[in-house]
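> Using only what follows, build the 3D model:
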Amino acid sequence: MKQEWLNEQHFHTRSEAVSAVFEYIWIFYNRKRIHEANGYLTPEEYYRQHETDLKAA
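As a prediction, the model looks like this:
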């Protein structure tokens, strides 16, 4: 997790912290970072390309 992101956050409860970390991981990290298994594309780029390929077939 990016320490810069965490340093800017201020949580009042543990629940707020858990929700923020969950959102960071599932909405940003897993969708925006490149993956070797996807040919170094982000998951969004990979699925968009795959969808385009299916429509063309």
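> which intervals of the protein have sub-threshold pLDDT?
1-5 (pLDDT under 70).
> change it to 50
Scanning the chain for pLDDT under 50 picks out no residues.
> could you show me where the helices are in it, in order?
3-7, 14-23, 30-32, 43-56 (DSSP state H).
> Mean neighbour count for the ones you listed - can I get that in JSON lines?
Every residue, glycine included, has its C-beta placed from N, CA and C. Shown next, in JSON lines, are the helices of the chain (neighbours: other Cβ atoms under 10 Å):
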{"stretch": "helix 3-7", "mean neighbour count": "10"}
{"stretch": "helix 14-23", "mean neighbour count": "12"}
{"stretch": "helix 30-32", "mean neighbour count": "12"}
{"stretch": "helix 43-56", "mean neighbour count": "11"}
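> got a list of what residue 40 touches?
Counting by Cβ atoms under 8 Å, 6 or more residues apart in numbering, residue 40 makes contact with residue 34.
> cool, residue 6 as well?
Applying Cβ under 8 Å, 6+ apart to residue 6 gives no contacts.
> Quick check: it vs residue 33, distance?
16 Å (Cβ to Cβ, to the nearest Å).
> Tally up the residues packed near the nearest residue to residue 17 once chain neighbours are set aside, please.
Of all residues beyond its chain neighbours, the one nearest residue 17 is residue 11 (4.1 Å), with distances taken as Cβ to Cβ, 6 or more residues apart in numbering. By other Cβ atoms under 10 Å, the residues close to residue 11 number 13.
> next one: residue 29
There are 14 residues near residue 29, going by other Cβ under 10 Å.
> if we can go back for a sec, the residue nearest to residue 17 is in contact with residue 21, isn't it?
No - using Cβ atoms under 8 Å, residue 11 makes no contact with residue 21, being 9.5 Å away.
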